[in-house]
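# return a 3D structure for these sequence lines:
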Amino acid sequence: MSKIKQADLVDNVIAYESGQMSDNDTVKFFQMLVDTGMAWTLQGHYGRTAMDLIQRGLVTRKKK
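Prediction:
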């Protein structure tokens, strides 16, 4: 996935944290965070949620 623009990231974080994302949009958001590696650099909640979604098969990790 290409780099995400900082403004897009901020908008997505605000939408997620304010509960304005659908379940489908949340999965897409976390897929993007995992794809870009940002899931592991944001506050702990994001990494834990990403791992939960990976374990549930809703988000996938890139093969190395």
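
# which outside residues touch the host helix or strand of Ala50?
Assigned by DSSP states H and E, Ala50 belongs to helix 44-55. Contact with helix 44-55 is made by 27, 30, 33-34, 38-40, 59-61, as judged by CB atoms under 8 Å, 6 or more residues apart in numbering. To be clear about C-beta, it is placed using only N, CA and C from the backbone, and glycine gets the same treatment.

# in it, what's buried?
For helix 44-55, the neighbour count (16 or more other CB atoms under 10 Å) marks 46-47, 49-51, 53-54 as buried.

# quick one: buried residues of the lowest-mean-pLDDT helix or strand in the chain?
Counting by mean pLDDT, DSSP states H and E, the weakest-scoring helix or strand in the chain turns out to be helix 6-17, with a mean of 92. Residues 9, 12-13, 16 are the ones in helix 6-17 that count as buried (16+ other CB under 10 Å).

# among the contacts of helix 44-55, which are located in helices?
Judged by DSSP state H, those include 27, 30, 33-34 as members of helices.

# give the buried subset of these as a PyMOL selection command.
Here is the PyMOL command that selects the buried residues among those (16+ other CB under 10 Å):
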select buried, resi 30+33+34
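
# among the ones in helices among the contacts of helix 44-55, which one lies nearest to Lys5?
Checking the ones in helices among the contacts of helix 44-55 against Lys5 by CB to CB gives Leu33 as the nearest, at 14.1 Å.

# got the confidence number for that closest one?
Note for Leu33: predicted pLDDT of 95.

# mind listing what the residue nearest to it when sequence neighbours are not counted touches?
Distances taken as CB to CB, 6 or more residues apart in numbering put Ala39 closest to Leu33, at 3.8 Å, once the chain neighbours are dropped. If a contact means CB under 8 Å, 6+ apart, then Ala39 has 30, 33, 46-47, 49-50 as its contacts.

# picking up where we left off before, what is the most widely separated pair among the contacts of helix 44-55?
Within those, two members stand farthest from each other by CB to CB: Val27 and Trp40, at 17.5 Å.

# where in this structure is pLDDT low?
Confidence mapping of the chain against pLDDT under 70 gives the ranges 1-4, 63-64.
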